[in-house]
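Visitor: my questions concern the predicted model and sequence given below.
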Amino acid sequence: MIDKFKDAFREEAYELLSQLEDILLELEASPQDPELINAAFRAIKGSAGMFGFEKPGRFAHDLENLLDACRAGKRPVDKAVIDLTLRARDKIRAMIENDESEGAFDEEAQLLIHEFRDA
């Protein structure tokens, strides 16, 4: 039964991650658009911790903080933020595809987390 829920979550997560890519491409053209910034935040803010996907949720938390700073006007949306968010999107997708539900982050994820915090 839980596998059925995990599969449904994966499908929903993949859809949100695909939407995120579209939103980020629009943000490149309109980096000050608050609706696009909010949409990017909501796409990441999904409930990755549900159905055993706790690890992608922990990973996404620091990215959420960066996007929240952009929403609050404390950090401009620029190419660096967009590129970092696209790389994070790819990492979240890989975690979900590889069923990385818990445990330590690999080196790539750790480097991205440091980049979120330093941005």
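Guide: Looks like it arrived, so ask away.
Visitor: which helix in this protein has the most residues?
Guide: helix 2-29 (DSSP state H).
Visitor: list the buried ones in that helix?
Guide: Across helix 2-29, burial judged by 16 or more other Cβ atoms under 10 Å covers K6, F9, R10, A13, L16, L17, L20, E21, I23, L24, L27. Backbone N, C-alpha and C define where each C-beta goes, glycine included.
Visitor: who does the helix or strand just after that helix touch, helix- and strand-wise?
Guide: Using DSSP states H and E, the helix or strand that follows helix 2-29 in sequence is helix 34-44. Applying 3 or more Cβ pairs under 8 Å, 6 or more residues apart in numbering; DSSP states H and E, we find helix 34-44 packed against helix 2-29, helix 54-71, helix 79-97.
Visitor: so which residues make contact with helix 34-44?
Guide: By Cβ atoms under 8 Å, 6 or more residues apart in numbering, the residues outside helix 34-44 that reach it are 16-17, 19-20, 23-24, 26-27, 30, 60, 63-64, 67-68, 70-71, 77, 85, 88.
Visitor: including distance to Q110, could the helices and strands packed on helix 34-44 go into a markdown table?
Guide: Listed next are those as a markdown table, based on distance: least, Cβ to Cβ, whole Å:
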| stretch | distance to Q110 |
| --- | --- |
| helix 2-29 | 20 |
| helix 54-71 | 10 |
| helix 79-97 | 11 |
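Visitor: now render those helices as a markdown table, adding distance to F105 and mean pLDDT.
Guide: Below are the helices and strands packed on helix 34-44 laid out as a markdown table (distance: least, Cβ to Cβ, whole Å; pLDDT from 0 to 100):
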| stretch | distance to F105 | mean pLDDT |
| --- | --- | --- |
| helix 2-29 | 18 | 87 |
| helix 54-71 | 7 | 90 |
| helix 79-97 | 9 | 93 |
